[in-house]
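Colleague: Dropping a prediction and its sequence here:
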Amino acid sequence: MATIDFKNVQKRYGQFKAIHDFNLHVGEGELCVFVGPSGCGKSTILKMLAGLEETTSGSIEIGGRDVTDLGPGKRDIAMVFQNYALYPHMSVRSNIGFGLKMRGVPKADIDKAVNEAAEILELTDYLDRRPRALSGGQRQRVALGRAIVREPSAFLMDEPLSNLDAKLRTQTRSEIVKLQKRLGVTTIYVTHDQVEALTMATRIVVMRGGVIQQVGSPDELFSQPANLFVAGFIGSPGMNFFRGPVEIENGKAFTRFGEQRIPLGQVPQKLTAKEAIFGIRPEHLQVGETGVPVTLSLVESLGTEKILHFATPKGQETDAIETEIVSDEDARDKKTMLARVIDDRRYHDGETIRIALPEGKVHIFDTVTHEAIV
Amino acid sequence: MKKRSLLGNFALYGTVTAVCVVLLFPIYWMFLTALSPRTQLRSYPPNFWPRDPQWNVFSDLLAAQPFGLWMWNTIMVATATMILSLTIGVLAAYALSRHRLRGGQPLGLFILTSKMLPATLLVIPLFAIFKSLGLVGSLWSVVIAQATLIVPFATWMLKGYFDTIPAELEQAALVDGCSPLGALFRIVLPVASPGLAATALYAFVISWSDFLYARTFLATSESKWTLNVGIATLKGEFVTDWNTIMAASLMAAVPIIGVYLFLERYLVGGLSAGAEK
Ligand SMILES: Nc1ncnc2c1ncn2[C@@H]1O[C@H](COP(=O)(O)OP(=O)(O)OP(=O)(O)O)[C@@H](O)[C@H]1O
Ligand SMILES: [Mg+2]
């Protein structure tokens, strides 16, 4: 158990800057999830922490000890790889016990530790098999076993679930969280799946292009995204964005959505521009008697839950630059907005409904810096 | 696996039989020649089984020639060549495969060019080198000369194999507390054992069948002759005793079969399956 500190860590590959000035403190026993789109440097930062990649500059501390120049074997960490990296020529037992053996632990103690780990992970019946004779889920558990048996001061996991099918992934996700709580070992978990991040993390680090975008609890990221990118990345389906004017009247701010005036509450301190990008989550849009009339272009029904598609009001679409940085899993058309409703009403394509944007649920972003305005 | 049709079975076994017949016929013919009395060697139409097999040809050979010594020398040379080539090949291939060396790509290709020169071309410079090193007449000269031929190809074979082993395997070993060399010996080499076995077999066979280098470097030191050099001397100036030569050649082939049978279990690939998802 230990704290982890990154201090001004940078990484270059030749001319390419993979990590810019990375600073982070991870507390003891935390489950910290690094999330971000592909190529944002998550694996790189994890490998630097493991000692598998050198840092270009800056320092890394584990438990207050500077490990920047130590080899991976001396950092007292365990890592779970995306492809598991099980040793194919060894039995499950030897795979799990290998790290202890390398550290010169007596054979009897290794056996005991391996059996205990196998018990926790329900691998007892498979200890004498080779990895190739195991299912994907079992291999994944062997990889976990290899990590927990050493009782390291930190676990590093690089997309450990991405090779499992959806059902097994959800199941294993909660098992990892339980295991981590039970062992209390500081864990850094890398994923590009924001759902995984939201469900597992005590703290999330959102990254993009080698830069930390925001650090916070799942709730904070969801309700107070620091910028346009985080707002669009966290949540599924992603946040709706539209461009609108800023009007101020008696200390209250307003914008327009289609024909209607939308109250935004108290004028945020930093709100000085004439125009801004506004965001609202699909689940916060309210369908009712009042509001802006919109015509549904598509209705996706998931039983009682429905996703209603309608066009962003003319002239209020966000443009290409903004669209590009908002990474949404299903690469949504940015001229379309979504509302997520849970009710028993039937909706059909072409129908006109009224949509209201409740005060306090609308996020405001700067059109140039894309930072949240609060 | 899909069940083959009857016709498919026929085609498969037919082809296998045909290939075997073509490949094995010369060996059968060697056997036949070895056992036939000399007078029957050139009879036409040929006999497909000698009327009076001369089984004593083998014992006569062993009594008349230092066959055991030749065999011993050949085994020493082939084993040493195999170990030397594999050691150099493994280290070079591992470096080429794992470390993005400055100029690694051209270097890798350059290694292969030496393989493209005919061996005969290298005999003379090698002879000059070994002469000044005082190695002519020593088995080491043959070992080193053969290794110069085998190492380039062995390096490329092994590099290809190492490339298929995910880097995460070694990284996992490093995190588990191995040194980089420890990861190579404990993880990479065992996983690469089919590739190692194939390369070892290649080195052994090439070395075993070498005549040119052994003949050139060992000609004057009779006690160092290898099988191929020794067998060549059986061909007389006026009479050639084909039965004896064939008998000797047959016996010379036995160890190769032994080595193959030993390495076969490692040759079967697919060991690395299961490392990943
Ligand atoms: N050895 C390398 N040489 C050059 N560039 C590299 C190297 N390794 C990674 N990169 C680059 O660094 C960036 C970050 O890579 P990294 O593997 O950390 O991404 P990631 O966030 O883990 O992505 P993914 O979700 O796809 O795994 C990428 O743009 C990648 O191309
Ligand atoms: Mg990655």
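Modeller: The structure has been received and is ready for your questions. Ligands and ions are numbered 1, 2, ... in the order given.
Colleague: Excluding sequence neighbours, find me the nearest residue to residue A:22.
Modeller: Nearest non-adjacent residue to residue A:22, counting by CB to CB, 6 or more residues apart in numbering or on different chains: residue A:9, 4.3 Å away. Using the backbone N, CA and C atoms, a C-beta is placed for each residue, glycine as well.
Colleague: Can you report phi and psi for that neighbour?
Modeller: In terms of degrees, to the nearest 10, the main-chain angles of residue A:9 are phi -80, psi 130.
Colleague: Any figure for the gap between it and chain B?
Modeller: 19 Å (CB to the nearest CB, to the nearest Å).
Colleague: Next: residue A:162.
Modeller: Using CB to the nearest CB, residue A:162 is found at 9 Å from chain B.
Colleague: just to revisit the earlier point, and the residue nearest to residue A:22, how many neighbours does it have?
Modeller: By the criterion of other CB atoms under 10 Å in any protein chain shown, residue A:9 has 23 neighbours.
Colleague: can you check residue B:154 too?
Modeller: Number of residues near residue B:154 (other CB under 10 Å) recorded here: 29.
Colleague: Please list the residues of the stretch 51-200 of chain B that sit near chain A.
Modeller: Proximity of the stretch 51-200 of chain B to chain A (CB under 8 Å from any CB of the partner chain) is limited to residues B:166, B:168-169, B:171-179, B:182, B:187, B:190-191, B:193.
Colleague: of those residues, buried ones?
Modeller: Neighbour counting with 16 or more other CB atoms under 10 Å in any protein chain shown marks B:166, B:168-169, B:171-178, B:182, B:187, B:191, B:193 as buried within these.
Colleague: quick one, helices of the chain?
Modeller: As the question left the chain open, I've gone with chain A. In chain A, the helices defined using DSSP state H lie at A:42-50, A:92-102, A:107-120, A:136-148, A:166-183, A:194-200, A:218-223, A:228-233, A:320-325.
Colleague: other chain: chain B
Modeller: For chain B, the helices defined by DSSP H cover B:6-35, B:56-64, B:67-98, B:104-116, B:119-133, B:139-163, B:167-175, B:180-183, B:189-191, B:193-208, B:212-218, B:227-233, B:242-267.
Colleague: and the ones you listed, which one is worst for confidence?
Modeller: Here the lowest mean pLDDT among the helices of chain B goes to helix B:104-116, at a mean of 74.
Colleague: Mind listing what's buried along it?
Modeller: Neighbour count says helix B:104-116 has B:108, B:111, B:115 buried, by 16+ other CB under 10 Å.
Colleague: Could you measure from whatever residue of the stretch 101-250 of chain B ends up closest to ligand 1 over to residue B:227?
Modeller: Ligand 1 sits closest to residue B:167 of the stretch 101-250 of chain B, with a gap of 10.1 Å, by CB to the nearest ligand atom. Per CB to CB, to the nearest Å, residue B:167 is found 43 Å from residue B:227.
Colleague: Looking at these two now, which is surrounded by more residues?
Modeller: Set residue B:167 next to residue B:227 and count neighbours by other CB under 10 Å: residue B:227 wins out with 27 against 15.
Colleague: show me what contacts that one?
Modeller: Residue B:227 makes contact with B:70-71, B:73-74, B:208, B:248, B:252 under the criterion CB atoms under 8 Å, 6 or more residues apart in numbering or on different chains.
Colleague: Leaving out chain neighbours, which residue sits closest to residue A:4?
Modeller: Closest to residue A:4 by CB to CB, 6+ apart is residue A:26, at 4.1 Å.
Colleague: What parts of chain A come near chain B?
Modeller: Residues of chain A lying close to chain B by CB under 8 Å from any CB are A:47, A:50-52, A:71-73, A:77-79, A:81-89, A:98-99, A:102-103, A:130-134, A:136, A:139, A:146, A:150, A:163.
Colleague: And the closest residue to residue A:277 other than its chain neighbours, how close does it get to residue A:301?
Modeller: In this structure, residue A:277 finds its nearest non-sequential neighbour in residue A:365, 4.4 Å apart by CB to CB, 6+ apart. Distance, residue A:365 to residue A:301, by CB to CB: 31 Å.
Colleague: go on, residue A:261?
Modeller: Distance from residue A:261 to residue A:301, by CB to CB: 32 Å.
Colleague: picking that back up, I'd like to know which of the residues of chain A next to chain B are buried.
Modeller: A:47, A:50-52, A:71-73, A:77-79, A:81-89, A:98-99, A:102, A:130-131, A:134, A:139, A:146, A:150, A:163.
Colleague: re the thing from before, quick one: which of the buried residues of helix B:104-116 is nearest residue B:159?
Modeller: Using CB to CB, residue B:108 comes nearest to residue B:159 of these, at 7.1 Å.
Colleague: Can you name the residues that contact the closest one?
Modeller: Contact analysis of residue B:108 by CB under 8 Å, 6+ apart lists B:96, B:155-156, B:159.
Colleague: out of these, what pair is the most spread apart?
Modeller: Across the contacts of residue B:108, the longest distance by CB to CB is 8.8 Å; it joins B:96 and B:156.
Colleague: how does chain A divide into domains?
Modeller: Each domain of chain A is listed here as a residue range: A:4-230, A:237-365, per automatic domain parsing.
Colleague: can you check chain B too?
Modeller: Taken from automatic domain parsing, chain B resolves into B:1-55, B:64-276.
Colleague: From the chain's centre, how far out is the longest one? Work that out for me.
Modeller: Right, domain B:64-276. 7 Å (CA atoms, centre = their mean, to the nearest Å).
Colleague: and what of stretch B:29-49?
Modeller: Using CA atoms, centre = their mean, the offset of stretch B:29-49 from its chain centre is 29 Å.
Colleague: Smallest gap between the stretch 51-200 of chain A and chain B, at which residue?
Modeller: residue A:132 (2.7 Å; CB to the nearest CB).
Colleague: so what's the closest residue to residue B:126 other than its chain neighbours up against?
Modeller: In space, and not counting its chain neighbours, residue B:126 is closest to residue B:145: 5.2 Å by CB to CB, 6+ apart. With contact taken as CB under 8 Å, 6+ apart, residue B:145 is in contact with B:122-123, B:126, B:130, B:213, B:217.
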